[in-house]
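Enquirer: 3D, please:
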Amino acid sequence: KLSGQLKGVSLGVMDVQTDDFGDSPGSNFSVLRAKKTLFSRSIVGAMATNRQSSQEGDFNRTFGVDSNFIFFNNLHLESFFMGSQTPGLEEDDWAARPLRIFWQTDLLFAAAEHMIIGRNFQADMGFVPRKDMKQSVAEFQFKPRPASERIRQLEFTTKLNYIENQDGVLETREQQLMFGLAFESGDQLNFNYSNNFEFLEDGFRLRGRLPVPPGSYRSDRFSVNVIPYRGRRISGFFVIQRENGFWDGNRTTTSLNPRIKWSENLSFQIQFRLDDVRLPTGSFSSKASNIRINYNFTNNWLTKTTLQYDSLRDELGINFRLNWIYQPGDDLFLVYNQEGSSGQIDRAVILKFTHSFDF
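Expert: Reported below is the predicted structural model:
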């Protein structure tokens, strides 16, 4: 991996080679990124990726350009255009966001965008959340600062997310309203409501258990989010959510995410989520927990331990990382990873070394 500046252009290059493993052939993965800053804050850039398998005729390539122009300090104009090349997917293999425009100040935020992703757009070295879609988004926020000794800022937000496929069939519509309070103490309290529509052309099984048949579904979701000040010994966030009409049933979610600063060297981050789902085809409750333990022996010797558990899958995951910063910007990592259930457990030990060369 190489990165740096060349005549005012930021460049990044990465190349990774994998070996054959079982029935999976080895592949070469490469990325090239170039970016140029204009007018001190605006940028234009280009990017290309290539996955080339050792098996003949098996590859995926993407290429694209993007820009972000800033005018009058508050007006942003963003866009990107991308194409892909994959054997057997020769048509409708492009994606674009012709324009995302937003105006942002401390008092107001207004944004609108439109994005298109083709049926055959493929990015093996990236993440494409949804294909065959045309998405339009509009959002408006009003954030006044009242003359109050306790309330620092109020926030009123409304947002519309509208997604249809290339044939013009509506698949997703989300209409959101949010009211938030930011207190002088640093604590925050948010109330959210959204009216949702989902169209399923094909059914699926929720968490691999309950069948959800194809059709149209409408729901109303309410949530309350409490965010204590990050500087407290106990911070994090806490969410209670109720969705009526969730796949023609209902869902209640409780999410507790405290962050505990025990000392200057030791801290904990605990994530616990309880879902109670009741559908016409059945019901279930699931518990998922994630505990992160950070302990720093010194500023140069750091450790992070993560424990994860999923009650539905009865899976336990363990990740331990030792990080030695032997000089600023350069690290040595020793990682132990374990995941699986009592039936099968996968373990891995990884050693990673980084070193920077300045020219």
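Enquirer: pLDDT below threshold where in the stretch 251-359 of the chain?
Expert: Counting by pLDDT under 70, the ranges of the stretch 251-359 of the chain that qualify are 342, 359.
Enquirer: Would you map the strands across it?
Expert: Taking DSSP state E, counting those that start in this stretch, the strands of the stretch 251-359 of the chain run over residues 266-279, 282-296, 301-310, 315-327, 330-340, 345-353.
Enquirer: Equivalent analysis for the stretch 51-200 of the chain, please.
Expert: If DSSP E, counting those that start in this stretch is used as the criterion, the strands of the stretch 51-200 of the chain fall at 59-71, 75-85, 94-104, 108-117, 133-142, 151-164, 170-183, 188-200.
Enquirer: Kindly reformat the ones you listed as TSV containing mean neighbour count, distance to residue 354 and mean pLDDT.
Expert: (C-beta placed from N, C-alpha, C; glycine too.) Putting the strands of the stretch 51-200 of the chain into TSV (neighbours: other Cβ atoms under 10 Å; distance: least, Cβ to Cβ, whole Å; pLDDT from 0 to 100) gives the following:
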stretch	mean neighbour count	distance to residue 354	mean pLDDT
strand 59-71	17	26	96
strand 75-85	17	30	96
strand 94-104	15	32	96
strand 108-117	17	34	97
strand 133-142	16	38	97
strand 151-164	16	39	97
strand 170-183	16	39	97
strand 188-200	16	37	97
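Enquirer: Ok, which of those strands comes nearest residue 296?
Expert: With Cβ to Cβ as the measure, strand 188-200 is the member of these nearest residue 296 (27.9 Å).
Enquirer: Show me what the closest one is packed against.
Expert: With contacts defined as 3 or more Cβ pairs under 8 Å, 6 or more residues apart in numbering; DSSP states H and E, strand 188-200 has these neighbours: strand 170-183, strand 215-227.
Enquirer: Could you dump those into a markdown table with distance to residue 254 added?
Expert: Compiled in a markdown table, these are given as follows (distance: least, Cβ to Cβ, whole Å):
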| stretch | distance to residue 254 |
| --- | --- |
| strand 170-183 | 20 |
| strand 215-227 | 11 |
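Enquirer: and residue 252, which of those is closest to it?
Expert: Closest of the helices and strands packed on strand 188-200 to residue 252 is strand 215-227, at 10.3 Å (criterion: Cβ to Cβ).
Enquirer: So what are the sheet partners of that closest one and their directions?
Expert: Note on strand 215-227: by DSSP bridges, its sheet partners are strand 188-200 (antiparallel), strand 234-246 (antiparallel).
Enquirer: Just put these in TSV and tack on distance to residue 299.
Expert: Below are the strands paired with strand 215-227 laid out as TSV (distance: least, Cβ to Cβ, whole Å):
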stretch	distance to residue 299
strand 188-200	31
strand 234-246	22
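Enquirer: quick one: which of those strands is nearest residue 310?
Expert: strand 234-246 (18.7 Å).
Enquirer: average pLDDT across that closest one?
Expert: Model confidence over strand 234-246, given as mean pLDDT, is 95.
Enquirer: Stretch 264-275: which residues count as buried?
Expert: Buried positions in stretch 264-275, judged by neighbour count with 16 or more other Cβ atoms under 10 Å: 267-271, 273, 275.
Enquirer: Is it possible to get CSV of those that adds distance to residue 293?
Expert: Below are those laid out as CSV (distance: Cβ to Cβ, whole Å):
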residue, distance to residue 293
267, 8
268, 6
269, 8
270, 10
271, 13
273, 19
275, 25
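Enquirer: Pick the one among the residues you listed closest to residue 332.
Expert: residue 267 (22.3 Å).
Enquirer: how close does the closest one sit to residue 276?
Expert: Spatial separation of residue 267 from residue 276 under the definition Cβ to Cβ, to the nearest Å is 30 Å.
Enquirer: Quick check: beta-bridge partners of the closest residue to residue 336 other than its chain neighbours?
Expert: The spatially closest residue to residue 336, leaving aside those adjacent along the chain, is residue 320, at 4.5 Å (Cβ to Cβ, 6 or more residues apart in numbering). Beta-bridge pairing of residue 320 under DSSP bridges involves residue 305, residue 336.
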